[in-house]
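Fold the following, please.
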Amino acid sequence: MRTQSSATGSAPIAVIAQRDQRALGTGMAALGVASFSLTFPATAWGLESFGAWSLVAVRSVVAALVAGGCLLALRVRLPERRHLPGLAVVGLGVVLGFPMLTTLALRTSTTAHAAVVVGLLPLTTAVCSALRTGHRPSRRFWLAAVAGAAAVLAFTIGQSGGALTAADGYLFAALLVCAAGYTEGGRLARRMPGWQVIAWALVLCLPVGVPTAVVALAHEPVRLTGHGVVGLLWVAVGSQFLGLVVWYRGMAAIGIPRASQLQLAQPLLTLVWSALLLGEHFTAAAPVTAVAVLVCIAVTQRS
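The predicted structure follows:
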């Protein structure tokens, strides 16, 4: 009887612990989304002082120095050799590919138009995750994900006047490489601390970032302004390192598909920051889209 009572009593505790872990993971993933929502406005600020190649290279170097300092201070061991290919995918997709492609796009595109790629990213990440890990979310999950992505896509395209630009090629390419990086990073975060995933990916990219920064700074003009410096520091430390630390930790706790759906709210947050920081305007369709996105997020979280 005592053994049975003990087993029965431990079950609710395990359920509560699992719920607490899921709540913590959701909160950390949401914090990462909030950080990412400032990336495009901060990049627009950074482009006031730096060329596109200079901005991306310098941000990766600054972020790598911060990450490397943390690794040295905590005396973290080198990653295992079997993790290196995955870290390379994270580095190429998240550290180099996505920032470079979106920065090139933002030279001719507004942040509202660039938010299209973020609206499609959750769905692309879920598909990439299913292909990579063999996980098969439910039909309700997919219907809600597609509906949310469609709502965000319609809203962001409407804000940009409904016209496709030459920057769309950069944006869709960025979408693919980022989804691959998110998927691989989420998988690695189940085997090593999430902050170490992005930290090592940043450090591994230093041999590319440093020479690229030297060459880019020598060929592109630099006009330092307050906005430009703040924008650079945010995309380097806030988006590139700290944001990805909590994002990968959240993905490891609640799963890649579920965490990716939280990003459906990111384009709307980006539009708010764009209005406040850049003076861009959007229509009254924002509240309607926000409600639709929140409903889709709720459905995916319960699927």
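
From residue 64, how far off is the spatially closest residue to residue 234 that is not a sequence neighbour?
Distances taken as Cβ to Cβ, 6 or more residues apart in numbering place residue 42 nearest to residue 234, at 4.1 Å, with adjacent residues excluded. C-betas here are computed from N, CA, C, even on glycine. According to Cβ to Cβ, to the nearest Å, residue 42 stands 18 Å off from residue 64.

what does residue 46 give?
Applying Cβ to Cβ, the value for residue 46 to residue 64 is 17 Å.

These two: who's more crowded?
Legend: neighbour count by other Cβ atoms under 10 Å for residue 46 and residue 64, higher for residue 46 (29 against 25).

contacting residues for the more buried one?
Neighbouring residues of residue 46 by Cβ atoms under 8 Å, 6 or more residues apart in numbering: 55, 59, 228, 231-232, 235.

try it again with 7 Å
For residue 46, the contact set (Cβ atoms under 7 Å, 6 or more residues apart in numbering) comprises 55, 228, 231-232, 235.

Which pLDDT does the model give it?
Residue 46 is assigned a pLDDT of 94 by the prediction.

In terms of helices and strands, where is the closest residue to it other than its chain neighbours?
Leaving aside its chain neighbours, residue 46 sits nearest to residue 231 (3.5 Å; criterion: Cβ to Cβ, 6+ apart). In this assignment (DSSP states H and E), residue 231 forms part of helix 226-233.

what's the following helix or strand after that helix?
Following helix 226-233 toward the C-terminus (DSSP H and E): helix 243-254.

Output the contacting helices and strands for that following helix.
Helix 243-254 sits against helix 2-36, helix 167-188, helix 194-204, with contacts defined as 3 or more Cβ pairs under 7 Å, 6 or more residues apart in numbering; DSSP states H and E.

gap between the next helix or strand after the first one and the chain center?
By that I understand helix 2-36. Downstream of helix 2-36, the first helix or strand assigned by DSSP H and E is helix 39-46. On the basis of Cα atoms, centre = their mean, to the nearest Å, helix 39-46 sits 15 Å off its chain's mean C-alpha point.

Between helix 226-233 and helix 39-46, find me the angle.
Here helix 39-46 runs at an angle of 130 degrees relative to helix 226-233 (axes from the mean of the first three to the mean of the last three Cα atoms, to 10 degrees).

mind starting the numbering at 750 from now?
Done: numbering now begins at 750, and the last item shifts to helix 788-795.

what's the angle between helix 788-795 and helix 992-1003?
Comparing the axes of helix 788-795 and helix 992-1003 via the same axes, to 10 degrees yields an angle of 170 degrees.

Low-confidence stretches in the chain?
Residue ranges of the chain with pLDDT under 70: 750-766, 908-909, 912-913, 1031-1032, 1050, 1052.

Just want the most central residue of it.
The C-alpha lying nearest the average C-alpha coordinate of the chain belongs to residue 785 (Cα atoms, centre = their mean; 5.7 Å).

Return the residues in contact with that residue.
By Cβ under 7 Å, 6+ apart, residue 785 lies in contact with 988, 992, 1015.
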